[in-house]
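> okay, sequence plus prediction incoming.
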Amino acid sequence: MGYWPAMPLPPPGPDSHVLVTGASSGIGAAIARVLATRGHPVLLVARRADALADLAGELRGLSGLAAEVHVADLGTDGGLAAVRDIVRRDERVVGLVNAAGFGRTGRVADLVADDAQREALDDLVRLNVLALHDLTLAAVAAFTRRVQRGGHAAAILNVSSITAFQPLPGAASYAASKAFVQSFSEAVHAELSGTGITLTTLSPGLTRTGFADAAGTDAFDRAPDLVVGEAADVAEAGVAAMAAGHRSVTPGLVNQLSALGGRLAPRSLLLPTLNGAMELLGD
């Protein structure tokens with residue numbers, strides 16, 4: 001394979017489809033809207049058929065382009081295999097957005113005492129880590145083959161979180177899952193340099209979506225408006241970075257400072273502070 005400079009997502013058009021997981025709500029749905037507005041046909045993946053159908057109709061109205069619905073639970077072997085097969089075989093796909101994921105708050109000792117909560121932690125790792133890893137590998141393999149045959153460049157966007165930049169008591173499994181996404185994605189971005197394929201990581205902070213309800217926390221309601229972003233703004237930043245082939249993007253100055261602090265602050269000071277803050281939010 002010859003050398004390619006860093007390439008963006010291919011130009012919009014009827015053959016430049018982007019597959020978006022977690023598209024039924026939140027950041028995933030917002031990213032699908034931004035892609036459609038830019039002129040990309042989208043393949044929408046999530047568990048909820050009704051929500052996907054509603055979004056597909058909305059997107060067709062926005063862009064006049066196709067918006068295909070693929071109902072799949074990526075937390076199951078069958079659902080993941082079905083979507084992996086689309087990524088491998090559908091030659092129209094020039095982009096993948098891994099936005100599927102969920103969180104769970106609470107102390108590990110408390111969560112593991114309840115069978116349902118314990119199972120939810122396993123499901124979290126299966127979706128946030130294993131499914132994202134699997135689909136990213138499938139996309140890298142498929143896109144590499146297409147580029148080698150003289151096809152379009154291609155782009156991947158993996159949704160992480162500012163929780164990726166430090167351990168987070170009270171959301172230990174979630175933060176660890178996003179640390180995996182961040183580390184894995186940034187490393188693969190470097191590996192892909194010059195191949196015509198890019199991998200961008202989007203690391204938002206608190207964002208107004210259905211995430212908080214699913215995670216079992218009202219922290220978003222308690223947080224000042226200054227630190228809570230809008231899904232549409234996060235999606236716009238993510239797609240813009242994906243289109244430019246950037247390594248990563250953290251939308252918002254407050255979030256950028258938080259991510260920097262998470263990287264640089266001594267753990268001996270940071271962890272007790274975060275532990276206390278999460279205890280207050282949990283009261």
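Alright, I've got the coordinates. Only a predicted model underlies this, so the values are computations on that prediction, with no experimental measurement involved.

> any idea how far Leu44 is from Glu68?
Distance from Glu68 to Leu44, counting by Cβ to Cβ, to the nearest Å: 7 Å. Glycine gets a C-beta too; all of them are placed from N, C-alpha and C.

> pick out whichever of these two has more residues nearby.
Leu44 (26 against 16; other Cβ atoms under 10 Å).

> about what we covered before: mutual contacts of Glu68 and Leu44, please.
Ala56 (Cβ atoms under 8 Å, 6 or more residues apart in numbering).

> okay, Met278: pLDDT?
Note on Met278: pLDDT of 79.

> assign the closest residue to it other than its chain neighbours to helix, strand or coil.
Ranked by Cβ to Cβ, 6 or more residues apart in numbering and with sequence neighbours excluded, the top spatial neighbour of Met278 is Gly170, at 3.2 Å. Assigned with DSSP: H, G, I helix; E, B strand; the rest coil, Gly170 falls in the coil class.

> next, work out how far apart Gly170 and Glu119 are.
19 Å.

> settle it for me: which of the two has more neighbours?
Gly170 (20 against 11).

> so that one touches Val108, yeah?
No: the pair Gly170 / Val108 is not scored as a contact, 9.2 Å apart, by Cβ atoms under 8 Å.

> and His18, helix, strand or coil?
No, residue 18 isn't His; it's Val. strand.

> so it sits right up against Gly95, yeah?
Yes: using Cβ under 8 Å, Val18 is in contact with Gly95, at 3.6 Å.

> quickly list what's touching both of these two.
Common neighbours of Val18 and Gly95 (Cβ under 8 Å, 6+ apart) are Leu9, Leu35, His40.

> may I ask which helix or strand encompasses the residue nearest to the first one when sequence neighbours are not counted?
Taking Cβ to Cβ, 6+ apart, and ignoring the residues beside it in sequence, Leu9 has Ala155 as its nearest neighbour in space, at 4.1 Å. For Ala155, the enclosing helix or strand under DSSP states H and E is strand 154-159.

> so for that strand, what's the average pLDDT?
Here the average pLDDT along strand 154-159 is 98.

> which neighbouring elements make contact with that strand?
If contacts are counted by 3 or more Cβ pairs under 8 Å, 6 or more residues apart in numbering; DSSP states H and E, strand 154-159 sits against helix 26-38, strand 93-98, helix 132-148, helix 172-191, strand 197-202, helix 231-244.

> C-alpha coordinates for that strand, CSV please?
Output of strand 154-159 as CSV, limited to C-alpha atoms (Å, rounded to 0.1, in the frame of the first residue of the first chain):
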residue,chain,number,x,y,z
ALA,A,154,-12.4,6.0,5.1
ALA,A,155,-13.0,7.2,8.6
ILE,A,156,-14.0,5.9,12.1
LEU,A,157,-15.3,7.9,15.0
ASN,A,158,-15.3,6.3,18.5
VAL,A,159,-17.2,8.0,21.2
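
> neighbouring strands for it, and are they parallel or not?
In the sheet, strand 154-159 lines up against strand 93-98 (parallel), strand 197-202 (parallel) (DSSP bridges).

> since that was my last question, I'll sign off now.
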